[in-house]
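Colleague: sequence first, then the predicted structure:
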Amino acid sequence: MLSSHQNVGTFAPRYRPGMSRLGSGKPFPFSQNWEDDSFSIGLFVPMIGVAGIWGPSGIACATLAAEEINQAGGLLGRELRLKCVNASDEVDDLAQVTRELVDSGSIGAIVGMHTSSVRRAVVEGCRGRLPYVYTALHEGVERSPGVYTIGETPDRQLQPAIDMFVTQWRTRRWMFIGNDYEWPWISHRLARGYVNQSGGVVLSEDYVPFGADDFDAVLQKIQDTKPDAILLSLVGQDAINFNRAFGAAGLSRNILRLSCAVEENMLLAIGEGNTDNLFVSSGYFGALTDDANMSFKERYHQRFGQRAPTLNSLGQSNYEGIHFAAALALRTLAPRNDKPFEYKGVRGIGWNSNSAITYPVHLARADGHLFSVVKSF
């Protein structure tokens, strides 16, 4: 187990003293002890374990957002700092780490990109005392006080993709495979309904613990059951290991795979030879060529270079999460403002509440080590 001080690190994105100030010295609406004229956001991202592959791109994208805010004058006249917290499932004291940070007043908000199981621990430690912006895709049932969700949910991410698979590609027979926690459980329950509504049938659901490295039994079941398609709700390294084994077993030629959580870094790790008939439904892909994404990619690579962590949906969500938290802070200064809530992003999200959010969803096919978007919903 990591100790609390090993889980937290602080860094300050670029800031130029003397830049124009925002907020005219008004008190910040979120509780925090003020020191050195700065404001800290706790950036909760996984850095080790199953989901550790998400960490580098998540930190880079959050850093870019914070630097943009600082270059524009800071957050309500204060330098924005990021306090990076290791939000991995393998850290078993995360609720206590969160509680200590909130109690100390050393952070004024939380931006989190991690699994839903980690979100439970952060909610327990925070208890609604600070705004908590959760950026990752999720099961869509988060109602805890102070939690703002901006990631994709199964109704938008899975329903149109499954309907297309069943009605257009005739993938009637399905198997569901996921990690053993709430996001796959709830997503699969909803997806079963989507498959049935489209005229398909779910043959089985199988769940594996985090850190699974032996998929022989699951692969044998696939060979015996002979599904047309598999819905994969595996996380990080588990998804990488499964897809490598799936390809090595020669199953990718005849069985389609659909995932919501495979991103570009994972695709590289899976390997070009194991990605045949692998599809991903997501609100963002680095391959998108719209103006907003092309501008974002240019700024990202200007800042971090061409060898920067590969852009992907989970990493990019941190960029939007930091800007969302900043916009939320500004919004609280004018609570009677009737204008729609807006913040700087890439995907074109319209957010009114956790249950009233709009965003595009794209279905992409793995083409070697890249994604090609085949349909937008």
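Modeller: Now that the structure is in, tell me what you want to look at. Numbers count the residues shown, from 1 in each chain.

Colleague: hey, let's count contacts and neighbours off CA atoms from now on
Modeller: Noted.

Colleague: for D291, give me the backbone phi and psi.
Modeller: Phi and psi for D291, reported as degrees, to the nearest 10, are phi -60, psi -40.

Colleague: to clarify, my last question referred to F324.
Modeller: phi -60, psi -50.

Colleague: tell me how far it lies from F215.
Modeller: 39 Å (CA to CA, to the nearest Å).

Colleague: of the two, who's got more company?
Modeller: Each of F324 and F215 has its neighbours counted (other CA atoms under 10 Å); F324 has more, 23 against 16.

Colleague: so what's the more buried one up against?
Modeller: F324 makes contacts with 133, 343-344, as judged by CA atoms under 8 Å, 6 or more residues apart in numbering.

Colleague: neighbour-wise, which of those residues leads?
Modeller: Using other CA under 10 Å as the neighbour test, these are led by V133, with 25 neighbours.

Colleague: just checking, that residue is part of a helix?
Modeller: No: going by DSSP: H, G, I helix; E, B strand; the rest coil, the assignment for V133 is strand, not a helix.

Colleague: contacts for stretch 278-292, please.
Modeller: 152, 157-158, 161, 252, 256-264, 293-294, 297, 311-313, 316, 346-347, 359-366, 370-373.

Colleague: in it, what's buried?
Modeller: 278-288 (16 or more other CA atoms under 10 Å).

Colleague: in the stretch 151-300 of the chain, which spans are helices?
Modeller: 154-157, 159-169, 182-198, 216-225, 236-248, 264-270, 291-304 (DSSP state H, counting those that start in this stretch).

Colleague: quick one: L251 and F242, what's the gap?
Modeller: L251 is 12 Å from F242, by CA to CA.

Colleague: the two: who's more crowded?
Modeller: A count of neighbours by other CA under 10 Å puts F242 above the other of L251 and F242, at 23 against 19.

Colleague: state the pLDDT value of that one.
Modeller: The model reports F242 with a pLDDT of 98.

Colleague: how about it, what does it touch?
Modeller: Residues near F242 by CA under 8 Å, 6+ apart: 213, 215.

Colleague: and stretch 196-211, what's its mean pLDDT?
Modeller: 97.

Colleague: min pLDDT across the contacts of F324, which one?
Modeller: Minimum confidence in the contacts of F324 sits at Y343, scoring 87.

Colleague: which residues are in contact with the residue most central in space within the chain?
Modeller: Centroid check for the chain by CA atoms, centre = their mean gives A136 as the closest residue, at 2.6 Å. Residues in contact with A136 (CA under 8 Å, 6+ apart) are 112-115, 149-152, 314, 317.

Colleague: just the ones of those in helices?
Modeller: Counted as lying in helices by DSSP state H, out of the contacts of A136, are 314, 317.

Colleague: just the ones of the contacts of A136 in strands?
Modeller: 112, 149 (DSSP state E).

Colleague: ok, back up a step: pLDDT and distance to D238 added to the buried residues of stretch 278-292, as JSON lines?
Modeller: JSON lines is the format used below for the buried residues of stretch 278-292 (pLDDT from 0 to 100; distance: CA to CA, whole Å):
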{"residue": "L278", "pLDDT": "98", "distance to D238": "16"}
{"residue": "F279", "pLDDT": "98", "distance to D238": "17"}
{"residue": "V280", "pLDDT": "98", "distance to D238": "16"}
{"residue": "S281", "pLDDT": "98", "distance to D238": "18"}
{"residue": "S282", "pLDDT": "97", "distance to D238": "19"}
{"residue": "G283", "pLDDT": "96", "distance to D238": "22"}
{"residue": "Y284", "pLDDT": "97", "distance to D238": "22"}
{"residue": "F285", "pLDDT": "97", "distance to D238": "21"}
{"residue": "G286", "pLDDT": "96", "distance to D238": "22"}
{"residue": "A287", "pLDDT": "95", "distance to D238": "24"}
{"residue": "L288", "pLDDT": "96", "distance to D238": "26"}
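
Colleague: mind putting those residues into a markdown table with distance to N86?
Modeller: Output for these, formatted as a markdown table (distance: CA to CA, whole Å):
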| residue | distance to N86 |
| --- | --- |
| L278 | 30 |
| F279 | 29 |
| V280 | 26 |
| S281 | 27 |
| S282 | 24 |
| G283 | 25 |
| Y284 | 24 |
| F285 | 25 |
| G286 | 25 |
| A287 | 28 |
| L288 | 30 |
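
Colleague: could you give the backbone dihedrals for the residue nearest to the centre of the chain?
Modeller: Dihedral angles for A136 - degrees, to the nearest 10 - are phi -80, psi 160.

Colleague: and the gap between it and S233?
Modeller: For A136, the distance to S233 - CA to CA - is 14 Å.

Colleague: do S281 as well
Modeller: Distance, S281 to S233, using CA to CA: 12 Å.

Colleague: return every residue with contacts to both of these two.
Modeller: Both S281 and S233 are in contact with 259-260, where contact means CA under 8 Å, 6+ apart.

Colleague: quick check: domain ranges of this protein?
Modeller: 4-152+291-346, 155-282+362-376 (automatic domain parsing).

Colleague: ends of the shortest one, how far apart?
Modeller: Its first and final residues considered, domain 155-282+362-376 spans 15 Å by CA to CA.

Colleague: picking that back up, tabulate the domains of the chain (JSON lines), appending distance to N352.
Modeller: Formatted as JSON lines, the domains of the chain follow (distance: least, CA to CA, whole Å):
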{"stretch": "domain 4-152+291-346", "distance to N352": "7"}
{"stretch": "domain 155-282+362-376", "distance to N352": "16"}
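
Colleague: any low-confidence regions in the protein?
Modeller: Counting by pLDDT under 70, the low-confidence segments of the chain come to 1-36, 333-340.
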